[in-house]
Each structure stands twice: as C-alpha cells, then as structure tokens.
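>>> Here you go, sequence then predicted model.
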Amino acid sequence: RAMAEAADAAYCKFCGSKILRTSVAELVEHEFPLPPLPPQQGEPPAVAESSMPDILKAYWVVRDKFDFDNVGFTKTVDDHLKYLLCADCDTGPVGYFDLREPDRIYLACDRVGTTPPASGPLPPNPALVQMAMEQMRAQEEQNP
C-alpha cells in the first residue's frame, strides 16, 4: 500500500501502458476477490489451485470510466460485474466495476505497476501491424 500511496500513475505490468493517473483516484482498503491473471508467455499453465480467486485488499477508485487513461471492460458477468483489462494488451482482470455501484470503479493496486517499465512499452506486434495495413488497403479499394 505504501508504494501505491506514493505513485503518480498505475501502469500495466505486462505491456507498460499507463492505465490511470492516481491523482484522479482515491486509494481505499477494500477486500474483493478477482479471478487470477492468465499465465503469461513462458509461464506454466495454471493448475487447479491457482484458479481460485485472489483476495485483493487495496484499490484505486474512480467515479467515471473516462478518468482512466487506458482501460477496457469485459462483458457483464453475473448480471452486475464487469472486469477491467489493459486496453493495449487485454491482460486482466486488473480491477472491476459493479454495476450496482455506478460511481465506483476499482483498480487493484497489486495488479498494476507504479513505475513505467525501464524498457518502455513493448514494440507493436508485426502481425497486428500487417493485419491493420491490409484492412486499410481493403477499405481504400472498397471506397476509392
């Protein structure tokens, strides 16, 4: 929690994207279980024990989804929950939004970093860049 209090921003631990400026958020002690993060490249597949939710206790809370710099939301789960994801790499959940509390969106301190990665953001995936270029060319051909 001490690192979270001193942080200026919250960054994705996987791609380095800035998710939130902490000056627009309130740091709260709040216990809520989040599903475990999926194994990352090079990690062994999750075992049954690790599929149990992680009980997290420190969150940054914002009142509006537009307070985030870079976050995505899942489809609604259990009729009232949406999980937060990094909008650049789709890793998550990094927090949650309970639709029954429309003015409170929670970002888990333990699921994000408080300093930008030393190497900076990861370079773009060449396959995604090529796919985007092909889509742009196809659109230009359809709308000359």
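Ah, there it is.

>>> Look through the chain and tell me its longest helix.
Secondary structure assigned by DSSP state H gives helix 126-142 as the longest helix of the chain.

>>> got the contact list for V24?
With contact taken as Cβ atoms under 8 Å, 6 or more residues apart in numbering, V24 is in contact with 62, 67. Where you see a C-beta, it was placed from the backbone N, CA and C, and this is true even at glycine.

>>> go again using 10 Å as the cut-off
Residues near V24 by Cβ atoms under 10 Å, 6 or more residues apart in numbering: 60, 62-64, 66-69.

>>> Repeat that for I105.
I105 is in contact with 20, 25, 59-65, 67-68, 71, 73, 82, 84, 95-98, counting by Cβ under 10 Å, 6+ apart.

>>> so after the helix-or-strand element of the chain with minimal mean pLDDT, what's the next helix or strand?
In the chain, no helix or strand scores lower on mean pLDDT, DSSP states H and E than helix 2-6, which sits at a mean of 57. Using DSSP states H and E, the helix or strand that follows helix 2-6 towards the C-terminus is strand 9-12.

>>> Can I get the following helix or strand past that following strand in PDB, CA atoms only?
Going down the chain from strand 9-12, the next helix or strand is strand 18-21, by DSSP H and E. Coordinates of the C-alpha atoms in strand 18-21 are reproduced here as PDB (Å, rounded to 0.1, in the frame of the first residue of the first chain):
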ATOM      1  CA  LYS A  18      -0.300   3.900 -18.500                       C
ATOM      2  CA  ILE A  19      -3.800   2.900 -17.100                       C
ATOM      3  CA  LEU A  20      -4.500   5.600 -14.600                       C
ATOM      4  CA  ARG A  21      -3.200   8.900 -13.200                       C
END
